[in-house]
Each structure stands twice: as structure tokens, then as C-alpha cells.
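Novice: Requesting a structural model of the entry that follows:
(one chain, ligands or ions: 1)
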Amino acid sequence: MEKPIIELKQITKRYDDGFTALENINMTIEPGKFYSLLGPSGSGKTTILRIIAGFTDASEGEVWFEGKKINALPANQRKVNTVFQNYALFPHMDVFDNVAFGLTLKKMPKKEIRERVVNALKVVQLPGYANREISELSGGQQQRVAIARAIVNEPKVLLLDEPLSALDMKLRKDMQYELRELQQRLKITFIFVTHDQEEALAMSDEIFVMNDGKVLQSGTPVDIYDEPINHFVANFIGESNILPGKMVQDFEVQFVGKSFECADAGMRPNEKVEVVLRPEDLDITTPEQGKLVVKVDTQLFRGDHFEIVAYDDDENEWLIHSTNPVKDGKQIGLTFEPEDIHVMRFGEKETDFDARLEQYEEE
Ligand SMILES: Nc1ncnc2c1ncn2[C@@H]1O[C@H](COP(=O)(O)OP(=O)(O)OP(=O)(O)O)[C@@H](O)[C@H]1O
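Specialist: Numbering: from 1, shown residues only. This next block holds a predicted model:
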């Protein structure tokens, strides 16, 4: 592991009205990586950015930057810059003055300011826009000006608070590529706040999934998608079939009244669990060949696949993705591989989960 650039150690934030917005947050941020804070509205994502930027103090805990504790360091002396959701551009200034603003405040020589601004506008692919008024720019262009204004200061860390939320779907997708590409080119650490799971999965090296002021799980997009730690993460990070079950013994789990081979081990015999099966991991076959039999209720065409809703005999709802349509009302069989079954403990904490994985890997 690289030396961390930022560490949050046991951060708790209580606002003046007594509301606890963050509880015991630990985060390790390595240089040059793209991190996302993913969670529903109110989960505390913005509060974390504000604490890192120095706009808000933590009630408890420590903020470290490059091996030094910086709780007391004022915002303007931290080597981080923030891009806000509404861009916070100055409408009465042109693009050049907006991007130059921070450098002008620092009283940098004019020539150097000009060089840096021109370069930053090149980086965000807006060369030649220096003299445009902000009101003459599209949403995506304004977004890029906001990013240029942040990177012109050459920060080591860029904090981005839902910077794409005001854009329409097409532009948003384009900007996702651009931002990711920009981050890889500049090798700045990005901490990106979003409540959009697809966006977080597509862009990040690592994701922190948050709810109610806590980090529920952290890891690479693939880790989190494939091994969600609990019901909330499984649901939030993509569409899932989540069923109650029982771990019969190592590598054998029971749900919907049947036993299945699975890839999980290390739990108590007969321990109650929840089982996740992703819609795209379910294959359709004949009822005779299926591990399960369900009856198709409805389906929607989603462009590159059909989303099928079906029910088993116990009235459990099943979501299935298929490249081929099936007839409504038809009985179909479902198959899946042992490793497609993701077993979660009830109320599991990340540390327990890590311990279980380690134990499993040692075996
Ligand atoms: N100044 C404040 N005083 C009291 N409570 C606050 C204050 N600022 C934020 N909160 C509360 O703290 C919680 C976390 O807010 P925060 O803005 O960090 O969430 P978020 O995950 O970024 O949400 P969103 O996606 O809606 O921006 C919310 O319940 C919010 O109402």
C-alpha cells in the first residue's frame, strides 16, 4: 500500500442542534486514486468533504494529511480544492477571471496566472473560451470551468460534491468519462460524492458506501458489487434478489426451501443469513433443468436486455436480466453457479466480514 495522503481517524460530527451527522468514520486515502463516497441523501457525504476541506471542524477524531495532523489548519492552507454541485461560478466575471480568481487572490504574478489559466482551460478542453461570459456557456461547459478553477491551484486532492447532478443524462455520461480521464492524466487524488451507484461503480478505484453517518463498506467497485456486506449495500449498489436463508454447513446454503452449493464458508451451522443473487447471474432454462422454477409476470425492454419479473411458488419476487424475451405467464427454470450466490450475515459489520474472508482464504 502507498503512504496515505489523507487519513480520517475516528471522526464524529455532531452539529450544534445535537444531530450526529457522522459517527466514528475511518478512511484511508492513497495518492492518485479516484474515490467515491456513495450513499443516499443525508448519509453524511458532504459533511466528510467539508471536514477534509476545513470548512467544518470534526467534533471528535483526527484529520491527517501527508503524515501530519491538520485539524487546526485553516481551509486556505490545505492542499485540497473543492468543486461544488452548483459550480459556484461568479456570473459577472468571464471564464478567465473565474479560473484566475484564486491565483489573483494569492497575488501571483500576472504572467504566471495567464500561463496557468490557459493551461487549465486546455486540460478541460475549453481552449479559446477565456473571454466568454459564464451565461453563454452550457451546463457541461460551466462544469468544466469549475474544474479548471479547481485544478489551476494544482491541488493534491480534488473534492467533488455531486458535480454532475445538474447535467442531463447524455452530458453526464460524457463528463463521467472526461473526469475519469482527467484524473488519470493529472494523477490528482479525487474524492467524489455521489448518490448514483452506477456513477460510483463506473468511475472509482475505491468506493465508500455510506448510510446514516456511517461507512458500511469500502472496497473496489467489483468487491462491493460481488460481495455486498449487508442488505442495504446489496440493494443500494445494484438490483438484487435478496432472500432469507440458512447456512447448512460450509459451502451449502438453504433458501426457498432448497439446498444449494455455494462458495461461502466459516459460518456457524444453521446460521441465519441473507442470500443475494444478481439478476444478470440468473440464466433461463426449461423448468425441468432449472435449479428453481418461476412464473413470468412482466418484462420491460431496457435497450440492451429484458428485465423480467417472475414469482416462485412461495410468492418470492425474482428479477432476471435476459437478452431474449420470454412469454408472460410462462413457467421457466433458473440456473446459476455456486459463486453467483452471495451469502451475507444478518447485521454484519465490515470487520467481521474481513475476518471471515481471511479465514476462508487461509483454508
Ligand atoms: N449545519 C447543520 N446543522 C445541523 N444538521 C446538519 C447541518 N448540515 C448538515 N446537517 C445534517 O447532517 C446530515 C448529513 O448531511 P450531509 O449534507 O453531509 O449529507 P449528504 O450525504 O451529503 O446528503 P446530500 O446527498 O443530500 O447532499 C443530514 O441529515 C443533514 O440534515
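
Novice: hey, let's count contacts and neighbours off CA atoms from now on
Specialist: Will do.

Novice: Please list all residues in contact with Glu23.
Specialist: Gln10, Ile11, Thr12, Lys13, Gly213, Lys214 (CA atoms under 8 Å, 6 or more residues apart in numbering).

Novice: next one: phi and psi at it?
Specialist: Backbone torsions for Glu23, taken as degrees, to the nearest 10, come to phi -130, psi 110.

Novice: Could you check the pLDDT of it?
Specialist: On pLDDT, Glu23 comes in at 96.

Novice: ok, back up a step: out of the contacts of Glu23, which comes closest to the ligand?
Specialist: The shortest approach to the ligand among the contacts of Glu23 belongs to Gly213, at 6.8 Å (CA to the nearest ligand atom).

Novice: Tell me how far that closest one lies from Asn26.
Specialist: Applying CA to CA, to the nearest Å, the value for Gly213 to Asn26 is 12 Å.

Novice: could you pull out the helices for the stretch 1-150 of the chain?
Specialist: 45-53, 95-105, 110-123, 139-151 (DSSP state H, counting those that start in this stretch).

Novice: Report how many residues lie close to Gly238.
Specialist: Here the number of neighbours of Gly238 (other CA atoms under 10 Å) works out to 13.

Novice: again, but for Glu154
Specialist: Neighbour tally, Glu154, other CA under 10 Å: 17.

Novice: what do you get for Val209?
Specialist: 26.

Novice: what helix or strand is it on?
Specialist: Assessed by DSSP states H and E, Val209 sits inside strand 206-211.

Novice: which is the next helix or strand following that strand?
Specialist: Downstream of strand 206-211 (by DSSP H and E), the next one is strand 214-219.

Novice: Which strands and helices lie in contact with the next helix or strand after that following strand?
Specialist: Remark: after strand 214-219, the chain's next helix or strand is helix 221-226, criterion DSSP H and E. When contacts are defined as 3 or more CA pairs under 8 Å, 6 or more residues apart in numbering; DSSP states H and E, helix 221-226 packs onto helix 197-203, strand 206-211.

Novice: The last one near the ligand at all?
Specialist: Put plainly, it is strand 206-211. No: judged by CA under 6 Å from any ligand atom, strand 206-211 makes no contact with the ligand; its nearest approach is 7.9 Å.

Novice: contact partners of that strand?
Specialist: 33-40, 42-45, 200-201, 215-221, 224, 233.

Novice: distance between stretch 293-307 and the chain's centre?
Specialist: Chain-centre distance of stretch 293-307: 27 Å, with CA atoms, centre = their mean, to the nearest Å.

Novice: List the buried residues of that stretch.
Specialist: Val293, Val294, Lys295, Val296, Asp297, Gln299, Phe306, Glu307 (16 or more other CA atoms under 10 Å).

Novice: ditto for stretch 326-341
Specialist: Residues of stretch 326-341 classed as buried: Val326, Gln331, Ile332, Gly333, Leu334, Thr335, Phe336, Asp340, Ile341 (neighbour count, 16+ other CA under 10 Å).

Novice: The residue lying closest to the last one once chain neighbours are set aside - how many residues pack around it?
Specialist: If the residues on either side of it in the chain are set aside, Ile341 comes closest to Leu277, at 5.5 Å by CA to CA, 6 or more residues apart in numbering. When counting by other CA under 10 Å, one arrives at 23 neighbours for Leu277.

Novice: Ok, Glu252 next?
Specialist: For Glu252, the neighbour count with other CA under 10 Å is 17.

Novice: can you pull the pLDDT of it?
Specialist: As predicted, Glu252 sits at a pLDDT of 95.

Novice: For it, which non-adjacent residue is closest in space?
Specialist: Leaving aside its sequence neighbours, Glu252 sits nearest to Glu261 (CA to CA, 6+ apart; 4.7 Å).

Novice: tell me the phi and psi of that neighbour?
Specialist: Phi and psi for Glu261, reported as degrees, to the nearest 10, are phi -70, psi 140.
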